[in-house]
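Trainee: Sequence and predicted structure are below.
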Amino acid sequence: MAGDIPRSIRLDALAYGGDYNPDQWSEEVWLEDARLMREAGVNLVSLPVFSWPQLEPQPGAYDWGWLDRVMDVLWEAGVRIDLATATATPPSWLIRSHPEMLPWDEDGRRLEFGSRQAYCPSSPVWREHVARMTRAMAERYGEHPGLALWHVSNEYGDHVSRCWCPESSAHFRRWLEARYGDLDGLNDAWGVNVWGQRYTAWEHIEAPRRATGPVNPTQLLDFERFSSDALLELFQLEIDVLREVTPDIAVTTNFMSLLRDLDYWDFAAAEDLVTDDAYPDPADPDAHVPAALNYGLMRSLKGGRPWLLLEQAASAVSWRDVNVPKAPGRMRIDSLQAIAHGSDGAMFFQWRQARYGQEKFHSAMLGHRGEASRSFQETKAFGAELQRLAAVRGTRVRSRVALVVDWDSWWGSSATESLPSQRLNWLAQARAWHAALHALGHPVDTVRATGSFDGYDVVVVPNLYVADAAQAAALAAFVARGGQLVVGPFSGVVDATETVHDGGAPGPLRSLLGVEVDEPWPIADGQAERVDLDGVGFGNAVWSEWLEVHDGTEVRARYATGELAGRAAATRRPSGDGAGAAWYLSAVLEPAGLLALFREVLAAAGLPVRSPIDSNLEAITRSDATTDYTFVLNHGRDELTVDVPSGAEDLLTGIRTTGRLTLGRFGAAVLAAPRADTAPFITLSDTLTPPTEAP
Ligand code: GAL
């Protein structure tokens, strides 16, 4: 396929299916599976993810027969294949002939074979065999009519995302050499004059294993970057083989939601389709809120293009301490949530529940009780329902709000113990800021700190610890064109080498925000301070900062208690023409405080806010050129009544709306209406006033 035309999955419907492990079952069961898949509306399965040992039982001696047969059985049943390259786990013979490819932990201990993903990402032997196996798979099945998508490896970074072995150290040194050119460059970047860390030979540098005390923070940050890059190289190696042998087939690897260890901006750029594995905990009634942030990331990784939820659980997982099943209806609403957020389908781990091994207690679409199992009944019912949503395939989510996700800042603010406080947590901040915007009714995209911010009215940056001039310029341009920007605490602190910006934080953001941080002022454990915003006090238990405020910057909130009482806590600096503004929040406010602040920010951007709020209500619009598809979801068990535009058709029921909609426990509607200039904004009904009907 020509260079810039994106390859896409070969499937002309919303994807429905799951991981399939036929090598755990007999041929008789395969035939039954094919029948039941057809009955359930399954049109795509992922396989053979962990089957390298079954495909190449002895070095160089392949056994394709069983997989040939499975692929044909599935194809005849109308089920397409997300074909794994089978490189997620090495066979034992490879490990035993090359034990040096096993990964090491931070303490320099070699991890044993006996689970999965037992490889060092940098191992040359592993890389050689991965390329060989990928080529063998591509040559064998590249022409198979059922092949819909390449599934490379599996969840890079699951189990092993960093390796501290000698091979990794050598690879780390090569990576550092490419980054810094010479040892002087590295020594300067790492600030080695502190604690006598100067290096006089490349061979002296190791992966940062556990040391006598806190390790050089820039070494740690570079090791995070390197480790993400090492796995990306491994991914790219397979992509290169697949593009050579099967240039028309789209490639993916399944992500693990908002994962710290890998820079998914880089991974997504290398592949054709973003896919994600998401396991919101059914025991957590608010799990759909961080899930919404994950999905916002997934759709944003390729600029709003549809993605695919490749794994979720039909009911319980088996890897938490306590694995609570999904209550009836929960799998459906979780699946609809992913689709609402731009997923072109809903897939599962796995199709048939295993009877042995590590995952025998993990639920599946087809539970141990087979056709009679509740999971199969719900699978079948949802498969039928999905047919009614065919029109949403390929449409895009409309969002006016974006949240900056920056892996460098995540790593930098968490890799080292040498920080003002260990309590300021990058992920917790991102989730809290997103949760407030979610509660106020806005789906949130994610974006890099350099943009593009086109199409957004509000951009929030929960944390940008590592910041540079290019990011500052992009954010300033957003404000200059009328955007509302909100930046969170401990931002603009260091440059890419973890050197504190001249003059301190917020470094390159100083003139944009119009503030200077004299000193971060973390709050001691157990102490609860307060921030005053418009006369209301909000809890602040983690972090504060001594701010100096420039002329022209308005103070919007002040510390109300503690040493900083009376000083600025949140500020707002209007753009030259007053239309845009750059807000700075130096505290970690309790949720109600964030809600209060973001209400103001959204209002300043001219965006509606939901009032009253109920975080169980979620409304998201996917659109094409002519139609808006508004998903209205009730993630809770209590009934919700919402005001909706009249005259839209609920695709799930075929019924037209008359202005008000009541959604029961885990209830959902997908409202199709002609495309409007702005996506419908759905609010809870004021049940005291009668519904207004469209004229
Ligand atoms: C994923 C993995 C699957 C399966 C699943 C269970 O992390 O990709 O193979 O183990 O978890 O929840």
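Mentor: In hand now; what should we look at?
Trainee: Just say helix, strand or coil for residue 220.
Mentor: With DSSP: H, G, I helix; E, B strand; the rest coil as the basis, the three-state label of residue 220 is helix.
Trainee: Quick one: residues contacting the nearest residue to it once chain neighbours are set aside.
Mentor: Of all residues not flanking residue 220 in the chain, residue 415 sits nearest, at 4.0 Å (C-beta to C-beta, 6 or more residues apart in numbering). Bear in mind the C-beta positions are built from the backbone N, C-alpha and C, glycine included. Taking C-beta atoms under 8 Å, 6 or more residues apart in numbering, we find residue 415 in contact with 217, 220, 221, 223, 224.
Trainee: neighbours of the closest residue to the ligand within the stretch 501-650 of the chain, just the number please.
Mentor: Closest approach between the stretch 501-650 of the chain and the ligand, counting by C-beta to the nearest ligand atom: residue 635, at 20.7 Å. Other residues near residue 635 number 28, with proximity taken as other C-beta atoms under 10 Å.
Trainee: Buried subset of the contacts of residue 415, written for ChimeraX?
Mentor: Written as a ChimeraX command, the selection of buried residues from the contacts of residue 415, which uses 16 or more other C-beta atoms under 10 Å, is:
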select :217,220,221,223,224
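Trainee: Could you report the pLDDT at the residue in the stretch 201-350 of the chain that the ligand sits nearest to?
Mentor: Among the residues of the stretch 201-350 of the chain, residue 349 lies closest to the ligand, at 4.1 Å counting by C-beta to the nearest ligand atom. If you check residue 349, the pLDDT there is 98.
Trainee: I'd say the residue of the stretch 501-650 of the chain closest to the ligand and residue 336 touch.
Mentor: No. Counting by C-beta atoms under 8 Å, residue 336 is not a contact partner of residue 635; they are 10.0 Å apart.
Trainee: rewinding a little: around the residue of the stretch 201-350 of the chain closest to the ligand, how many other residues sit close by?
Mentor: 23.
Trainee: Return the residues in contact with it.
Mentor: Applying C-beta under 8 Å, 6+ apart, the residues near residue 349 are 18, 19, 277, 311, 312, 313, 362, 364.
Trainee: Nearest residue to the last one in space, please, no chain neighbours.
Mentor: Which is residue 364. Per C-beta to C-beta, 6+ apart, closest to residue 364 is residue 353, 3.7 Å.
Trainee: related to what we said a few turns ago, what are the phi and psi values at the residue of the stretch 201-350 of the chain closest to the ligand?
Mentor: With angles defined as degrees, to the nearest 10, residue 349 sits at phi -110, psi 110.
Trainee: Look at the residue nearest to residue 432 when sequence neighbours are not counted and report its pLDDT.
Mentor: Distances taken as C-beta to C-beta, 6+ apart place residue 594 nearest to residue 432, at 6.2 Å, with adjacent residues excluded. Looking at residue 594, its pLDDT stands at 98.
Trainee: Name the SS class of residue 594, please.
Mentor: helix.
Trainee: With residue 384 instead?
Mentor: Using three-state DSSP as the criterion, the local structure at residue 384 reads helix.
Trainee: From what I see, it and residue 42 are in contact.
Mentor: No. Assessed by C-beta under 8 Å, residue 384 is found out of contact with residue 42, at 11.6 Å.
Trainee: Phi, psi for the residue nearest to residue 413 when sequence neighbours are not counted please.
Mentor: Once flanking residues are discounted, residue 413 sits nearest to residue 465: 4.2 Å by C-beta to C-beta, 6+ apart. Backbone torsions for residue 465, taken as degrees, to the nearest 10, come to phi -60, psi -50.
Trainee: Tell me how many other residues surround residue 465.
Mentor: If we define neighbours as other C-beta under 10 Å, then residue 465 has 24 of them.
Trainee: residues contacting it?
Mentor: Neighbours of residue 465 in contact, by C-beta under 8 Å, 6+ apart: 408, 409, 412, 413, 426, 490, 491, 493, 494.
Trainee: wait, isn't the second one in contact with residue 463?
Mentor: If I follow you right, that is residue 409. Yes. Under the criterion of C-beta under 8 Å, residue 409 makes contact with residue 463 at 5.5 Å.
Trainee: which parts of the stretch 301-450 of the chain sit against the ligand?
Mentor: Counting by C-beta under 6 Å from any ligand atom, the stretch 301-450 of the chain comes close to the ligand at 311, 317, 349, 359, 362.
Trainee: most neighbours, which of the residues you listed?
Mentor: Neighbour max across those (other C-beta under 10 Å) = residue 349, 23 neighbours.
Trainee: what sits against the residue of the stretch 501-650 of the chain closest to the ligand?
Mentor: 285, 288, 333, 337, 615, 616, 617, 618, 666 are the contacts of residue 635 under C-beta under 8 Å, 6+ apart.
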